[in-house]
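S.K.: Structure, please.
(2 chains, ligands or ions: 3)
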Amino acid sequence: MTDTRTIRIEALRFNPETDSAPRLQRYDVPFTPDMSVLQGLQYIKDHLDGSLTFRWSCRMAVCGSCGMMINGRPHLSCETFLRDLYPGPVRVEPLDHFPVQRDLAIDQAGFLDKLAAIKPYIVSAKDKPLSEGPSRQTPAQLDAYYQYSQCINCLLCYAACPQFGLNPDFIGPAALSLLHRYNLDSRDIGWSVRADVANAEVGVWECTVVGYCSEVCPKGVDPMHAVNENKVNSALDYLGVKRLLGGR
Amino acid sequence: MRIISADVVVIGGGGAGLRAAIAAAEADPGLAIALISKVLPMRSHTVAAEGGSAGVVRDDDSLDNHFDDTVTGGEWLCDQDVVDYFVRHCTEEMVQLERWGCPWSRKPDGSINVRFFGGMKVQRTWFAADKSGFHILHTLFQTSHKYPAITRYDEYFCADLIVEDGRVRGVVAIEIATGEMVLFHCKAAVLATGGAGRVFRQNTNAGIVTGEGMGLALRAGAVLRDMEFVQWHPTCLPGTGILMSEACRGEGAILTNKDGYRYLQDYGLGPLDPWPRAKAMELGPRDRLSQAFWHEDKKGNTIQTPHGSAVNLDLRHLGEKKILERLPLITEAARTFAGVDPVREPIPVRPAVHYTMGGIATNVMTETAISGLYAAGECASVGIHGANRLGSNSLAEIVVFGKVAGERAAQYVRSARPVSPERTARLAEASATRVLRLLGNERGERLAEIRDAMMDAMEEGVGLYRTEAGLKAACRTLADLRARYRRGIRLDDRNRAFNTEWLAAIELGSMLEVAEAMAHAALWRRESRGAHQRLDATARDDRRFLVHSIARSGGDGAPQIKSAPVTITKSRPGSRVYGGAGAKAELT
Ligand SMILES: Cc1cc2nc3c(=O)[nH]c(=O)nc-3n(C[C@H](O)[C@H](O)[C@H](O)COP(=O)(O)OP(=O)(O)OC[C@H]3O[C@@H](n4cnc5c(N)ncnc54)[C@H](O)[C@@H]3O)c2cc1C
Ligand code: SF4
Ligand code: FES
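M.R.: Ligands and ions are numbered 1, 2, ... in the order given. Predicted coordinates:
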């Protein structure tokens, strides 16, 4: 494109091998109206400073790698456009509330453990042989959990969650949404094996209904809703009453 | 160097790798299975697949139909014994994914819904809206948590394979977070590293699709097959190459030129009516549609955009409800990345590189030329795609052959002879030293300079239409780029921890070798077949070229290209016709 302007990108830099504290580094980046923040960072990496470290892969908002704080708010950098941030400057920082691995790359290990803890797979009543063909699931049954299956694990919701900021052990929005996704699936009977995680102190009860997680989610997952439906379930569970929502 | 021992190492956490790891764990829960991936598994490129996955389910369909569509689509360069195995196993794998929780789209009665796809004569493409790859990958990744035999090594980058006496012994990897070198000592390894579309500039592929596994295998002594066959997808956003899935056309979208004319009828894909009709017009195969675009462009009938010429993909007549229900990702992507609302306007699209039909040569058991080394998924050439892959055959391939690879590797481990770990460790040290040397370069060119020159050479010389002169020029440029790469590239970043510039430099080495194999194989094949079109040899030549190409590493020099036979069982090579002519041919 002919319409090239320049914008300043201020990137947070931190290298655990050499730095004792993070610092900001400024780069002036030429951009065209179709360039994303990610493409701006790639321009820096290719032409100005090969040491700037960030994650990306699909560049089309489906893989979930490129989340970062952009001007203080969690975004996917591949679907945030420099034209909308002009005249800048644009400040890019690693996602809030996570340990920094290097520059804009955060440590995701804690999240991966939480994902494993909720047993994110179908627990079924009986093992039917594959030759019997697919199970039936009506569009309405599919709809019941479909929204929660859209999560791309981008972690923007964790960066938005003040409770996670205070307590890194909180299972948190995306993992609890996935827990809800499986509990709501008509093919699953796993509520009881996941209940411990949901009912735990660091489970649904940690959530204080701020709702910023659902606001920043790029895929419309609405984690806050998932968490709160589980509070109802969890309470009924505690009282020994049959659950009303999801879970069988 | 840290040493980790495993029975089976799976390299790659995409659909093929995850399926392989699960299959190995199910075959033998006592195995130690290491699943290595340079990105978290759910970031793998499978996540971006949109349209769906093939598997015969309808009463009006049959395995023979799927077989015929695949072999015809691949212009008889498919190994028919393998295609036969493939079509017989697709549906059970789709059912398996369903059992594991994949949210396939359903009919009102709760049964599986299937859609049309290019080059397929019956509706047999299972889909989860237009996020099929995303749902398949997340289903497999989440399900993998059920198997304690699988240990994941997320964000580990494989830099070398250790092969001794023709047997795989280990894998040298870098732990990305720390930069530490790690030797995975193993009895068997499965390569599931995906394609190589990123050697071209305009492509639909994620940034990680750099042909690493193909490079690793080539250097270790395995061979690459049919590398000249690179698929262009006809409907991608100009500039970024972001894909507007074939599902758009499966649901009824049409393609028009700058005058609003459905130009495909001029290229053997018509007549216009009746519409929609399988294997005709917009439901023709990708190679034919991409080639029609090229001719339309030459005639001056395309629309000019800042990123090259385009035609219109028009969904408007489908109506907002259907567009949002069946194609939500496409709608969102067109709005975000092209600033076009498909409900109201047509989407400008052009061909971009999409898929590598070729890859590491394997037999139907996914065995490579190296004992204990298996390959599956887009990095492999098991033999089902021939000269052109049909849409929705790849997602099926990664699970069908991922499973075979996992099972075979597990079986191989039981009979593998014990080895001396000391010798493997010595070889690994030498390989680690080579990899680390890249970090030390004080002088040389910037990485991006060589990478961009490679992409330009490929677009220019190894594009949709090829000529001898153009291919020779590309081969010369690539040889020169490899020499420049050897002289050294200078990195800004000399740190060990999370040094993505260093990793990109290693990747570039593989990309150059894979690109060279593509260019040399294309030069060798003096005919036009499927995705490989030569302006100086426009006819298909079954007498000389009904054979696979095989590329073997030439070390620092050019790869050697030879031929290998194609297995033909029941479908004799015929003419490949679509549209009205195709319907007539099928009746007779
Ligand atoms: C946009 C798009 C849409 C598509 N839509 C469809 C469709 O609708 N239907 C269909 O059938 N096909 C489709 N395809 C094709 C299909 O998605 C791919 O062929 C398939 O997903 C490849 O899967 P894979 O498991 O072989 O590789 P990938 O999913 O690419 O995974 C490769 C894995 O290898 C790892 N890896 C690579 N190199 C290294 C290394 N050096 N060290 C460690 N790990 C490494 C990566 O981290 C990754 O985990 C589409 C492709 C694209 C680009
Ligand atoms: S719930 Fe939304 S914001 Fe949170 S990880 Fe998933 S997609 Fe990202
Ligand atoms: S790069 Fe995949 S979500 Fe942005």
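S.K.: centroid residue for chain A?
M.R.: A:Leu155 (2.4 Å; CA atoms, centre = their mean).
S.K.: Wait, B:Ile176 touches B:Cys158, no?
M.R.: No. Using CB atoms under 8 Å, B:Ile176 makes no contact with B:Cys158, being 11.1 Å away. Every C-beta, even on glycine, is put in place using the N, C-alpha and C of the backbone.
S.K.: longest helix anywhere in chain B?
M.R.: Secondary structure of chain B per DSSP state H: the longest helix is helix B:500-524.
S.K.: Now do the helix or strand following that one: which elements does it pack against?
M.R.: Note on helix B:500-524: by DSSP states H and E, the next helix or strand toward the C-terminus is strand B:533-534. Other helices and strands packing on strand B:533-534, by 3 or more CB pairs under 8 Å, 6 or more residues apart in numbering or on different chains; DSSP states H and E, are strand B:465-466.
S.K.: in its sheet, what does the strand it packs on sit against?
M.R.: Strand B:465-466 sits in its sheet next to strand B:533-534 (parallel), going by DSSP bridges.
S.K.: and B:Asp452, how many neighbours?
M.R.: B:Asp452 has 13 neighbours, counted by other CB atoms under 10 Å in any protein chain shown.
S.K.: neighbours around A:Glu201, how many?
M.R.: Count around A:Glu201 with other CB under 10 Å applied: 10.
S.K.: next one: A:Gln147
M.R.: A:Gln147 sits with 18 neighbouring residues when counted by other CB under 10 Å.
S.K.: Which helix runs longest in chain A?
M.R.: helix A:223-239.
S.K.: Please point out which parts of it sit buried.
M.R.: Residues of helix A:223-239 classed as buried: A:Pro223, A:Met224, A:His225, A:Ala226, A:Val227, A:Asn228, A:Glu229, A:Asn230, A:Lys231, A:Asn233, A:Ser234, A:Asp237 (neighbour count, 16 or more other CB atoms under 10 Å in any protein chain shown).
S.K.: What strand or helix carries the closest residue to ligand 1 within chain A?
M.R.: Per CB to the nearest ligand atom, A:Met60 is where chain A lies closest to ligand 1, at 7.7 Å. For A:Met60, there is no helix or strand it lies in under DSSP H and E.
S.K.: And what about the one residue in the stretch 51-200 of chain B that gets nearest to ligand 3, helix, strand or coil?
M.R.: Proximity of the stretch 51-200 of chain B to ligand 3 (CB to the nearest ligand atom) peaks at B:Phe134, 11.0 Å away. With DSSP: H, G, I helix; E, B strand; the rest coil as the basis, B:Phe134 sits in helix.
S.K.: what's the closest residue to it other than its chain neighbours in contact with, if anything?
M.R.: Of all residues not flanking B:Phe134 in the chain, B:Val47 sits nearest, at 5.1 Å (CB to CB, 6 or more residues apart in numbering or on different chains). Neighbouring residues of B:Val47 by CB atoms under 8 Å, 6 or more residues apart in numbering or on different chains: A:Cys58, A:Val62, A:Cys63, A:Ile152, B:Gly133, B:Phe134, B:Leu137, B:His138, B:Ala206.
S.K.: Max pairwise distance over those residues: which two?
M.R.: Checked with CB to CB, the contacts of B:Val47 reach their widest spread between B:His138 and B:Ala206, with 15.4 Å between them.
S.K.: near ligand 3 too, which of the buried residues of helix A:223-239?
M.R.: Filtering the buried residues of helix A:223-239 for proximity to ligand 3 (criterion: CB under 6 Å from any ligand atom) leaves nothing.
S.K.: Give me every residue in the stretch 351-500 of chain B lying close to ligand 1.
M.R.: Close to ligand 1, as judged by CB under 6 Å from any ligand atom, the stretch 351-500 of chain B has residues B:His354, B:Tyr355, B:Gly377, B:Glu378, B:Cys379, B:Gly391, B:Ser392, B:Asn393, B:Ser394, B:Leu395, B:Ile398.
S.K.: For the fourth one, which non-adjacent residue is closest in space?
M.R.: Distance criterion CB to CB, 6+ apart; nearest residue to B:Glu378, sequence neighbours excluded, is B:Gly195 at 3.9 Å.
S.K.: For that neighbour, the count of nearby residues, please.
M.R.: Residues near B:Gly195, counting by other CB under 10 Å: 30.
S.K.: And the strands in the stretch 451-588 of chain B?
M.R.: B:465-466, B:533-534, B:547-554, B:557-565 (DSSP state E, counting those that start in this stretch).
S.K.: does B:Glu75 really touch B:Arg389, like I thought?
M.R.: No. Using CB under 8 Å, B:Glu75 is not in contact with B:Arg389; the gap is 11.2 Å.
S.K.: Might one say that the residue of chain A closest to ligand 1 is in contact with B:Ile242?
M.R.: Yes. Using CB under 8 Å, A:Met60 is in contact with B:Ile242, at 4.9 Å.
S.K.: name the helices or strands packed onto the strand or helix carrying B:Ser394?
M.R.: Counting by DSSP H and E, the element that carries B:Ser394 is helix B:393-415. Judged by 3+ CB pairs under 8 Å, 6+ apart, the packing partners of helix B:393-415 are strand B:8-11, helix B:15-27, strand B:53-54, helix B:80-99, helix B:132-144, strand B:188-191, strand B:373-375.
S.K.: Might you report the residue contacts of the nearest residue to A:Thr53 once chain neighbours are set aside?
M.R.: Excluding its sequence neighbours, the residue lying closest to A:Thr53 (CB to CB, 6+ apart) is A:Asp103, at 4.0 Å. Contact partners of A:Asp103, counting by CB under 8 Å, 6+ apart, are A:Ala11, A:Leu12, A:Arg13, A:Phe14, A:Asn15, A:Leu52, A:Thr53, A:Phe54, A:Pro94, B:Phe498.
S.K.: which of these lies closest to ligand 2?
M.R.: A:Pro94 (15.3 Å).
S.K.: how much space between the closest one and B:Glu251?
M.R.: Note on A:Pro94: its distance to B:Glu251, by CB to CB, to the nearest Å, is 40 Å.
S.K.: For burial, what's the neighbour tally of the nearest residue to A:Gly88 once chain neighbours are set aside?
M.R.: In this structure, A:Gly88 finds its nearest non-sequential neighbour in A:Ile7, 4.3 Å apart by CB to CB, 6+ apart. For A:Ile7, the count of nearby residues is 20 (other CB under 10 Å).
S.K.: One more: B:Pro29?
M.R.: B:Pro29, neighbours per other CB under 10 Å, totals 12.
S.K.: sorry, back to before: joint contacts of A:Met60 and B:Ile242?
M.R.: B:Ala333, B:Phe337.
S.K.: Can you tell me which of the buried residues of helix A:223-239 comes closest to ligand 3?
M.R.: Nearest to ligand 3 among the buried residues of helix A:223-239, with distances taken as CB to the nearest ligand atom, is A:Pro223, at 17.5 Å.
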